[in-house]
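Chemist: Would you be able to build a 3D model of this:
(one chain, ligands or ions: 1)
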Amino acid sequence: MVKLDTIISLAKRRGFVFQSSEIYGGLNGCWDYGPLGVELLLNIKEAWWKAMTYRDDVEGVDASILMHPRTWEASGHVTQFSDPMIDNKTSKARHRADNLIEDFIDKLKKKNKTDKAAQIEARLAECREPVDFYNIIMDFEIPDPVSGTMDWTEVRNFNLMFKTFVGPVEDSSAVVYLRPESAQGIFVNFKNVLDTSRQKVPFGIAQIGKAFRNEINTKNFLFRTREFEQMEMQFFIKPGSEKDWFDYWKEQRWNWYIALGMKPEKLKWKIHDKLAHYANYAVDIEFEFPFGWGEIEGIHSRTNFDLSAHQEFSGKKMEYVDNVNNERYVPYVIETSGGVSRSFMAFLCNAFDEETVTDDNGKSEVRTVMRFSPKLAPVTVAVFPLVNKDGMPEKAHEIYKDLQRNFKTQYDTSGAIGRRYRRQDEIGTPFCVTIDGQTLEDGTVTVRERDSMKQERIPAQNLNVYLFDKMNQ
Ligand code: ATP
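Modeler: Alright, predicted model coming up:
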């Protein structure tokens, strides 16, 4: 299993991800995507957008991040979107109480103290109020991992929404929130999309966009950040049909990750044993990160909780009128809610590989190779002149410019050809094209494939079609 530090250092060294405002010491829980990172991020979003909206029954929207504050009263976020927080008075360390308990359970399991772990797990499943978490910490003497002491404060609920103000006056009537999820931008537009798109239930609305949560602890690189992107889809259905549609979307979403090269053994389902009061089915897709299994996407059957709440708080009807069957109802919803940045990190970890290769002279070396799907790779093709003379650079540059019209392409003339391959392997470029003496004679080039390292000769004029074919396999 690759170490998280290896991924973080490769991500920084090759320009995937930098710490936010690094020159000022960074800002906790925020990250910047560099030249290669932004390409990977865009490719993930494009793959999701195509899979989710290039179909008959799903439309897209792009709602604003700031929304009317009543939205968050209706959705329950103002009163309920909080995590239990506890401070240690000696170390001043602040923890999410549930995570503190979960980490303690993990430690017990590693020491084979499974009975005690199971006891605590059972208590944790029953937790509702801050005091319930506090009692577990006290009853099982869970110490602060930093100071080792039991010098705890009470557990308090901490609302995760970032608050700000619209306009120049900072009073309570001007309070707005940075959205903590993109989903509500979809619910409030349900009627608009229904009335303008000629869709009929069942149909869905998809959106990709930023969300903000003032997480108590940010950790594990991109896994838990304060600013992140989500790709969410709400599928509106007739009440009673939710089990079928839930199963359908579960399958679609799982297959999406697999089709993009995710190793099946790195994914698993987590079935929620504690459902939100309005939900009737809920599962997560988890990925095995270097630090353990973690959610990358949730698929939830949310009944008509959100639309009914918006109907009540706004006074606007959210009903669907089925003229064919002469029925009217507030639709139920199946939601698929994935994190772009968590998927990004999962795809990075999934792609990382190191293998020992032996060159023609029998010399061995370790090559680092990011085995991204060609659809996701930040650079699709690199072009090299074999040597920097005899007309090869001119021809190579011409081919490079031609490919650049369709693909993210890099041009590299420096160092031995083997070194240039290694540089591309490390960023996951699936194809490298080399222009050599024969190219100048018969117009053919070699294409070297990243994973097999096999080379084939093809006419340079077929390169675009060749690459399109490979990308669509
Ligand atoms: P968690 O339990 O890990 O806090 P959640 O269950 O609150 O996550 P959802 O509200 O279901 O998460 O959000 C949907 C998706 O958004 C998650 O599957 C995840 O990919 C992403 N996500 C949520 N919170 C964060 C975060 N702080 N940083 C990065 N991605 C996040």
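
Chemist: Around Lys363, how many other residues sit close by?
Modeler: Per other CB atoms under 10 Å, the neighbour tally for Lys363 reads 9. The way it works is simple: take the backbone N, C-alpha and C, and place the C-beta from them, glycine included.

Chemist: What residues sit buried inside stretch 396-406?
Modeler: Using 16 or more other CB atoms under 10 Å as the test for burial, stretch 396-406 gives 396, 399-400, 403.

Chemist: quick check: mean pLDDT across that stretch?
Modeler: When pLDDT is averaged along stretch 396-406, the result is 97.

Chemist: ditto for stretch 223-240
Modeler: Stretch 223-240 comes out with an average pLDDT of 97.

Chemist: can you tell me if that stretch touches the ligand.
Modeler: Yes: counting by CB under 6 Å from any ligand atom, the ligand is contacted by stretch 223-240 at 224-225, 228, 230.

Chemist: Of those, which belong to strands?
Modeler: 228, 230 (DSSP state E).

Chemist: Can you name the residues of the stretch 151-300 of the chain sitting close to the ligand?
Modeler: The stretch 151-300 of the chain comes close to the ligand at residues 181, 213, 215, 224-225, 228, 230, 295-298, as judged by CB under 6 Å from any ligand atom.

Chemist: Output those residues as JSON lines; include the columns distance to Gln207 and neighbour count.
Modeler: JSON lines is the format used below for these (distance: CB to CB, whole Å; neighbours: other CB atoms under 10 Å):
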{"residue": "Glu181", "distance to Gln207": "10", "neighbour count": "19"}
{"residue": "Arg213", "distance to Gln207": "17", "neighbour count": "22"}
{"residue": "Glu215", "distance to Gln207": "22", "neighbour count": "17"}
{"residue": "Arg224", "distance to Gln207": "22", "neighbour count": "20"}
{"residue": "Thr225", "distance to Gln207": "19", "neighbour count": "23"}
{"residue": "Phe228", "distance to Gln207": "14", "neighbour count": "21"}
{"residue": "Gln230", "distance to Gln207": "8", "neighbour count": "21"}
{"residue": "Glu295", "distance to Gln207": "19", "neighbour count": "16"}
{"residue": "Ile296", "distance to Gln207": "18", "neighbour count": "25"}
{"residue": "Glu297", "distance to Gln207": "15", "neighbour count": "24"}
{"residue": "Gly298", "distance to Gln207": "15", "neighbour count": "19"}
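
Chemist: farthest-separated two in these?
Modeler: Checked with CB to CB, those reach their widest spread between Glu215 and Glu297, with 18.2 Å between them.

Chemist: Quick one: residues contacting the residue in the chain that the ligand sits nearest to.
Modeler: Closest residue of the chain to the ligand, CB to the nearest ligand atom: Gly339 (2.3 Å). Gly339 makes contacts with 228-231, 296-297, as judged by CB atoms under 8 Å, 6 or more residues apart in numbering.

Chemist: could you dump the residues you listed to CSV with distance to Ile8?
Modeler: Shown next, in CSV, are these (distance: CB to CB, whole Å):
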residue, distance to Ile8
Phe228, 17
Glu229, 19
Gln230, 22
Met231, 23
Ile296, 18
Glu297, 23
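
Chemist: shaky segments in this structure?
Modeler: Along the chain, no part satisfies pLDDT under 70.

Chemist: Can you give me the domain assignment for it?
Modeler: Following automatic domain parsing, one gets these domains for the chain: 4-74+160-347, 82-156, 379-471.

Chemist: And these: which comes nearest Arg371?
Modeler: domain 379-471 (6.0 Å).

Chemist: now the end-to-end length of the closest one.
Modeler: The first residue of domain 379-471 is 12 Å away from its last residue (CA to CA, to the nearest Å).

Chemist: swap in stretch 423-431?
Modeler: Stretch 423-431 stretches 12 Å from its first residue to its last (CA to CA).

Chemist: what's in contact with that stretch?
Modeler: 10, 14, 36, 351, 367-372, 374, 377-382, 410, 412, 432, 447-451, 467, 470.

Chemist: Likewise for stretch 268-283?
Modeler: Applying CB under 8 Å, 6+ apart, the contact partners of stretch 268-283 are 125, 242-243, 246, 250, 284-286, 288, 293, 295, 298-303, 305.

Chemist: Buried only: go through those for me.
Modeler: Neighbour-count burial (16+ other CB under 10 Å) applied to the contacts of stretch 268-283 gives 242, 246, 250, 284-286, 288, 295, 298-303, 305.

Chemist: Between those residues, which sits nearest Tyr24?
Modeler: Glu295 (31.4 Å).

Chemist: Excluding chain neighbours, what is closest to that closest one?
Modeler: If the residues on either side of it in the chain are set aside, Glu295 comes closest to Asp284, at 4.3 Å by CB to CB, 6 or more residues apart in numbering.

Chemist: May I have the secondary structure class of the one you found?
Modeler: strand (DSSP: H, G, I helix; E, B strand; the rest coil).
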